[in-house]
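Enquirer: How does the following fold in three dimensions:
(4 chains)
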There are 2 protein chains.
Amino acid sequence: MDGKAEKVNQSEKILQTAFQCLSTRGYANVSMRDIADQAGVVLSQLNYYYKNKEGLFTEVVKMMMQQYLHEVEDKLKSVANTKEKISSLVKYFCELIRKNPELLKLFIDFTAQSLWLPSFRSHLKNLFDDLSEMIEKSVLAEMTINKNLSEYSSKSVAKLLLGALYGISVQIMLDSDEDNAFEPLNLVGMILN
Amino acid sequence: MDGKAEKVNQSEKILQTAFQCLSTRGYANVSMRDIADQAGVVLSQLNYYYKNKEGLFTEVVKMMMQQYLHEVEDKLKSVANTKEKISSLVKYFCELIRKNPELLKLFIDFTAQSLWLPSFRSHLKNLFDDLSEMIEKSVLAEMTINKNLSEYSSKSVAKLLLGALYGISVQIMLDSDEDNAFEPLNLVGMILN
DNA sequence: AATTAATTCGGACGTTCGTCTTAATTCATA
DNA sequence: TATGAATTAAGACGAACGTCCGAATTAATT
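Expert: A predicted model of the protein is given here:
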């Protein structure tokens, strides 16, 4: 009854709530009832809009992918030269850990689940591939002037960078409140030197 | 009745089976009954020996940690100089992916679960810390002769290497049957050049 | 206004979950 | 052999799970 458009799509509300539940409690600890209750929606509505649990959770995976791909793309295009792009990427992961750790947890958790669920696996593989492809195009120029790594494909270098960012972020997430926890992340920017 | 010591500890058999179940189907997809059935043991025996689910699974975590720490330690001490140690470490992760992917999946899955379960978190943090400490002591000599990275602590360099190995391994696990999937892993050995 | 489709609701269905209790059995020690 | 502790076994317990169905309500179309 407010002047605002208070009436949002039920399906959208469900999806948003599912995203929030999964990013704060994890795949193994979230049930359909949890999401329904927190969304203020009757349980059967989840099945009405998303068929089943796998259908709903898959939409959350896609949602997460969109967010990462857009954010990383924005960060990479925000600066000009290659070196700055790498730094921008490192900075993005730093901000992610500090300001939006739930999104990073979602990434890590979905990655693990994709080891067991074939329906998740293809999506996560695509996410890693798309991210490393973005990075590849950003470091391609740098590759030609580097003597030690030029014999390797730029795709492999991109996967190295992405893997390092991912693996170090995992460690930092576990490192609750260590002094120089972010130092190894800044080191990633110097790999290509 | 065989000549062999056919009679193994019931508790040991349960633990081994739990390890096997978790490494092949994942934390979220294994129940106490699954383990009991596969071990040929009555369900209540699991609670008798390990109190509850968390108790049993925690023992599996410890078991996994032992295996990683021993294997990595062996690999690092098997060769002499620093460069060879790094190569040996890279080779270890290659062999892990090819010959024992279940153990790696266990690592990845437990890492994700440790984001939500405090009882797992401390163990996984210790595993990462112990592994990076091993690496640190192996690359310490190299650090002094490197000009670009010497301003950073050797601990951070070790975490960078471990993070890269971990993150790249994750990507390879998702990359089922790609041609040069292992190439970025070999690139890790050249980070310190 | 009548009719049809789309949505919302409440609740039941069968299954699986982790835990616990109690009894039967085995084993060691005296 | 008698006794008490340790182990094994069988099953019940309440709670939680994902899914599904039928009715009620709302919205859209004629």
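
Enquirer: Those residues of chain A touching DNA strand C, which are they?
Expert: Neighbours of DNA strand C within chain A, by Cβ under 7 Å from any atom of the strand: A:Gln10, A:Ser11, A:Val41, A:Val42, A:Leu43, A:Ser44, A:Gln45, A:Tyr48, A:Tyr49. From N, CA and C alone the C-beta is placed, and that goes for glycine too.

Enquirer: can you name the two of the residues you listed that are farthest apart?
Expert: A:Ser11 and A:Leu43 (14.4 Å; Cβ to Cβ).

Enquirer: Looking at the two, which one has more neighbours?
Expert: Comparing A:Ser11 with A:Leu43 by other Cβ atoms under 10 Å in any protein chain shown, the one with more neighbours is A:Ser11, at 16 against 13.

Enquirer: host element of the nearest residue to that one once chain neighbours are set aside?
Expert: In space, and not counting its chain neighbours, A:Ser11 is closest to A:Tyr49: 4.2 Å by Cβ to Cβ, 6 or more residues apart in numbering or on different chains. Per DSSP states H and E: A:Tyr49 is located in helix A:43-50.

Enquirer: do that helix and DNA strand D meet at all?
Expert: Yes. Helix A:43-50 lies within reach of DNA strand D by Cβ under 7 Å from any atom of the strand, at A:Leu43, A:Ser44, A:Leu46, A:Asn47.

Enquirer: Return the set of buried residues in whatever helix or strand comes next after that helix.
Expert: Note on helix A:43-50: by DSSP H and E, the next helix or strand toward the C-terminus is helix A:53-77. For helix A:53-77, the neighbour count (16 or more other Cβ atoms under 10 Å in any protein chain shown) marks A:Leu56, A:Phe57, A:Thr58, A:Glu59, A:Val60, A:Val61, A:Met64, A:Met65, A:Tyr68, A:Val72, A:Lys75, A:Leu76 as buried.

Enquirer: Now do helix A:53-77: which elements does it pack against?
Expert: With contacts taken as 3 or more Cβ pairs under 8 Å, 6 or more residues apart in numbering or on different chains; DSSP states H and E, helix A:53-77 sits against helix A:10-25, helix A:32-39, helix A:43-50, helix A:82-99, helix A:101-113, helix A:118-145.

Enquirer: Need the residues that contact that helix.
Expert: With Cβ atoms under 8 Å, 6 or more residues apart in numbering or on different chains as the test, helix A:53-77 has contacts from A:14-15, A:18-19, A:22, A:27, A:32, A:35, A:46, A:49-50, A:85, A:88-89, A:91-92, A:103, A:106-107, A:110, A:117, A:119-120, A:123-124, A:126-127, A:130-131, A:134-135, A:138.

Enquirer: Briefly note if it comes near DNA strand D.
Expert: Yes. Using Cβ under 7 Å from any atom of the strand, helix A:53-77 comes into contact with DNA strand D via A:Lys53, A:Glu54.

Enquirer: from the middle of its chain, how far away would that helix be?
Expert: 7 Å (Cα atoms, centre = their mean, to the nearest Å).

Enquirer: Specify the angle between that helix and helix A:118-145 in degrees.
Expert: If you take axes from the mean of the first three to the mean of the last three Cα atoms, to 10 degrees, helix A:53-77 sits at 10 degrees to helix A:118-145.

Enquirer: Between helix A:82-99 and helix A:53-77, find me the angle.
Expert: Angle, helix A:53-77 to helix A:82-99, by the same axes, to 10 degrees: 140 degrees.

Enquirer: what mean pLDDT would you report for helix A:53-77?
Expert: The average pLDDT for helix A:53-77 rounds to 97.

Enquirer: ok, now stretch A:87-97?
Expert: The pLDDT scores in stretch A:87-97 average 97.

Enquirer: Around A:Asn81, how many other residues sit close by?
Expert: The burial count assigned to A:Asn81 is 11, neighbours taken as other Cβ under 10 Å.

Enquirer: Just the pLDDT at it, thanks.
Expert: pLDDT, read off for A:Asn81, is 88.

Enquirer: OK, contacts around it?
Expert: A:Asn81 sits next to no residue when contact means Cβ under 8 Å, 6+ apart.

Enquirer: low pLDDT regions in chain A?
Expert: A:1-7, A:142-151 (pLDDT under 70).

Enquirer: Would you map out the domains in it?
Expert: Domain ranges of chain A: A:8-51, A:58-190, per automatic domain parsing.
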